[in-house]
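K.L.:
All I have is the shape, not the residue letters:
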């Protein structure tokens, strides 16, 4: 059960690869694959909700010797989030598909990436985590550069170079960890005493892990790859990345920190707290000065990682709840906004705000959906952004981190400002004369709107407290080392 | 000098040379640098997992397990995985480099300043 | 690289290396070797062959396009995990049996998948990167 | 309550969706939803409550309760809402955007009603933000014009900045009080106000109230918001939204009335607002701006009264809130009529319109009389109460001056609007101007007549509206009920004084307008606001360009340095390198090591790319030799072949790449030093790890079980294909994807620009 979210997309990846350059078959296969993935994710989520954490060992080799998977509430929630993001994006990709990406393996790559992301969420083994990170990364490399535009290639080059660096750090850290502790299983680490003489070294290795997770999550000062890469790829790719990629890094911080590293390093939490504030501010200040729709969104992603990381650093039930809720919110809404940017590109032919305009008059439904999502990103009620911001600011205030709460609030204001900038320019401003409004066929229009509507509905449902998101986030926030160790390694109930 | 110290220094030299190459202006140097630090990380794992001279972790016929003095098999498996992964990624990075050079018309990294923030 | 000696050499060495690679694959479970090493050696031999005789010739040896090898290898590796999932409730759980006095099991199929995939991957890269120059 | 909210939101949605169909309807018909809302509001009984667990995991509840204050406020909102919507439907008759406007007005009305009824602090905040959003959309209604877009943005950023402060403040208050329920908070007021963090909560909450209600120094956004169509200004910026801040301050008086900072902040800033708004109102020549600034000073006066916080002051504040909503709503709508019919809002051009627009003139006259505080008008009553309430306490008597300024300015404004426009002299004759259509007159007439009717029905006003509202703000009774006439006393004298001075000021109005123009060099709030954004954006631009500068080398340096710095923090723990001894080097072992080191250094130093690639190969083969030496034949074999293939791939690419021009690189030395430091640190780390305490490893199990369980003698292979086969599966997935990527890369030509 726990491995299905990895195996199913991987198998579909192989099938889609074998299907070759047959666009129709590829599209059909992709829809089926997303359906299966969604089913696997929902199944796992329900199982975990009903019966508690699910652990399984690959090949039945006992942990820590084999590789164990463990789906607790947190992992299951994030897998479900991934599926919930991926499915509408897949529809959006169908709307834009013209056969070119299909021939280059777009659909297979998406499946492999989903497998990688799910693996990263589910595994309990730190080297296996490295492998899933790599699977995610290489798929993202290829997806990013599909189409081969100049900006894509150059942005992709930076993305690849920086992420390879982080992979080397991760690999070294995993090797050093094995060298110092003799194990790779997170739960095993959390349950065995550390030789006091080696404690400093284990702590040091922990900080190395933190640095590599920080690069994945796009934390200050190492977020460069994100604004370089996100504004360049094909629209559905950007949407998918925005929804899931950074979450993997934040998840790794949350998971490994709560089970082992936060305590083993001592500086884990202070570092997260200290870095979260510049991440928020530098990110959002980057966003307010951009004039390209996707660049604004990309810089926002950085600032919102700051929120999540701050919440992870604040910790405790309230902090973790905020972190998970923020991940869910951001996954849905940021993906949706990248989809919206893609729709704007499809209709207006550009991502530059100066070249767009008049959507409020010409496309009422699109405008309304965008507005809901934009306001959600800015944290206005009754959307998911409000719930997430509420949880985060409240955790910060009640945890005694007034300055972080202040940074969150200030970031919220700038976020709103930049979202309104998009609104004013692309929607309210009269269309510039150079803009040629394209009018896609009704079927395509429907496919363009459908994912946005789905995302907006999810954002509203989360914000209204309807549906599984909040209870799931709340359960996910019960990050207890003992419970995790017990779930993975087995052992008696206390 | 112990072999541990010697190999630790080797790891350091590989990392240092790799980082230096990473920061050069030509794109290919950057890749060579990445390949070097990748090799360095593999050696680091090897060194970290304890060094045993000469005895591979293979159970000879008639034995149920490799001798106790055998090298650490798990570290080897990890490194093997890592070698192959970095080979695959490097292959892709090479192709990307090729295209990048074509698109920029230059091998100079400092020419790749398609502004990230405007 | 057009010297006759080299060409002849490569042409003769290639099959030998291919055989060696299969040998590596098969003995890998007990002695140094295995799917990776075997696949790499096979791919290297074909690369050498292609370098000397032109990549077209190497492709001809391969018969199917490398993408098929990749898909087949990945598919076989994933499939080899399924019996374990069905019979022992865990993906990739090994299932062993005896065939003609030799112990065979799903891990060997997995290794074979690795072997095929590695050949496909390396050759795909070699073909793509080398062809670009000639195009 | 729910009915009222539901009708608002649903009919807003309905109007938005069915705007084609509705556009055929007459103004009366499209206003029916607002009438229904009004009916629903009338039907809300005192004390009605509703709770729904909204975000239970976060302690947020959707909690409504209709107390006196809420009901009064809701009544004002819904009542004026009906009139404004009839008016707006007339104003926009025949325009395509009419339904959109009405839908937004209904959305806004719903948000305001929710605010009025909110019992739970976060429910209140939700509606608060919703009003900001709705007003943003309304101010930017004419979004074809840049000015409208800019004003909308400005109003939204200022009120949202306040809203965010309020958010933090409310969260703090909820944390301090342990609940977000207003009634429960009021019960524990004593403990709450003595909490050490209460000062922060008060300051943040006040920031929210002050920005929303356009108090000094945030008052500048309100005149800016006059870019909105007049019906919108009339509704939002006179009668309802701007009062939300005052409303909230009044709401929280039972909780925070005794808190430090509360009274002084409200009184001082309110007074400043009165003065700033009062003076500014007199310097304008645009009717809408006159009204906007006059609204600012009225809001200031309200804040002052709430801040004083005695039962009588609160009583006066509530009375003033009612009367102000009535006359200001009427005046705004009349200005709209004048603007639409006469085509101008400039005071200097207008005059003598009474003959052309008699009904408007009548309404304006009545409303102005109320504003100036004419005896027996609602404005008179509330003004008298205000004066009396500040006079009764010695420490607040100084505020009389502030209220006098308000009265004076209000009086002058009333003369300008009620007299000058309709009866004054003008150069233009406005021969062709006609009276506004009936839908546009109903509102002003009813509102202005209500300004007289209320005091006449003073018993109803006092007992049914003011007293219930007062009871929800303070438990003590007030001593002065509303009356038509309070007799000859000092306060009446003050009123007379204000009338006389208002007349004097009115006579000099043209000079004041000239003065206003002359003073325009003074920095206005808007300029400060723009300066703030300019500075922020400039700084942000600089920061972003410097940091995210597009240079990969910079990114790489920062990344590597950060990665190296982070563990540096950990070295403070290091107890010195332990020593577990080691194995002595044999001479022949040094050979591969030396070749690896030499090749690595050569790769770094050489200027030829091919040589560097070759050196990379040597490094790989040297490593393979090391692996063989230390019992890793599998590794060695793989490394050997991989390195050979890597070199081949490199050569393919390098031969195609144009040979690089020799670059000048000023950073060479610095990078060399940096790289050396990195190398040293890693070497130290690697050595430290070899010296750790020997311990059991999971690989011991692998070695022991490889043959028995995995049926293989080569432990490494058994791990790869069995014990940890999942790693291998992931790994071959990486390989497969990399291959797809290489193929895809070469299948497309590089194009300019961004792809879909």
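P.N.:
Happy to help now that I have it. This one's a predicted model, so the numbers in the text were calculated from it and none came from an experiment. Numbers count the residues shown, from 1 in each chain, chains lettered A, B, ... in the order given.
K.L.:
interface residues of chain B facing chain C?
P.N.:
Applying C-beta under 8 Å from any C-beta of the partner chain, one finds that chain B approaches chain C through B:56, B:58, B:80, B:84, B:88, B:91, B:94-95, B:98. C-betas here are computed from N, CA, C, even on glycine.
K.L.:
Which of these sits closest to residue D:721?
P.N.:
residue B:80 (11.3 Å; C-beta to C-beta).
K.L.:
what's the closest one in contact with, if anything?
P.N.:
Counting by C-beta atoms under 8 Å, 6 or more residues apart in numbering or on different chains, residue B:80 touches C:36, D:634-635, D:638, D:716, D:720.
K.L.:
so what's it scoring on pLDDT?
P.N.:
Looking at residue B:80, its pLDDT is 94.
K.L.:
which residue packs closest to the residue of chain B found nearest chain C, ignoring adjacent ones?
P.N.:
In chain B, the residue that lies nearest chain C is residue B:91 (4.3 Å; C-beta to the nearest C-beta). Nearest residue to residue B:91, sequence neighbours excluded (C-beta to C-beta, 6 or more residues apart in numbering or on different chains): residue C:125, at 4.3 Å.
K.L.:
For residue A:483, state which of the residues of chain B next to chain C is nearest.
P.N.:
Using C-beta to C-beta, the residues of chain B next to chain C come closest to residue A:483 at residue B:80, 34.4 Å.
K.L.:
The residue lying farthest from the centre of chain B and chain A, how far apart?
P.N.:
Farthest-out residue of chain B from its mean C-alpha position, per C-alpha atoms, centre = their mean: residue B:62, at 36.7 Å. According to C-beta to the nearest C-beta, to the nearest Å, residue B:62 stands 25 Å off from chain A.
K.L.:
which element is that residue on?
P.N.:
For residue B:62, there is no host helix or strand (DSSP states H and E).
K.L.:
ok, and does the one helix or strand in chain D whose mean pLDDT sits lowest reach over to chain A?
P.N.:
In chain D, no helix or strand scores lower on mean pLDDT, DSSP states H and E than helix D:19-22, which sits at a mean of 73. No - applying C-beta under 8 Å from any C-beta, one finds helix D:19-22 separated from chain A by no less than 9.1 Å.
K.L.:
what's the following helix or strand after that helix?
P.N.:
Immediately after helix D:19-22, counting by DSSP H and E, sits helix D:27-30.
K.L.:
mind putting the contacts of residue B:80 in a markdown table, secondary structure and distance to chain A included?
P.N.:
Formatted as a markdown table, those follow (DSSP: H, G, I helix; E, B strand; the rest coil; distance: C-beta to the nearest C-beta, whole Å):
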| residue | secondary structure | distance to chain A |
| --- | --- | --- |
| C:36 | helix | 14 |
| D:634 | helix | 17 |
| D:635 | helix | 13 |
| D:638 | helix | 16 |
| D:716 | helix | 14 |
| D:720 | helix | 12 |
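K.L.:
List phi and psi for the residue in the stretch 1-150 of chain A that chain C sits nearest to.
P.N.:
Minimum separation of the stretch 1-150 of chain A from chain C (C-beta to the nearest C-beta) falls at residue A:18, amounting to 3.9 Å. Per-residue torsions, residue A:18: phi -70, psi -30 (degrees, to the nearest 10).
K.L.:
Residue D:61 too?
P.N.:
phi -130, psi 150.
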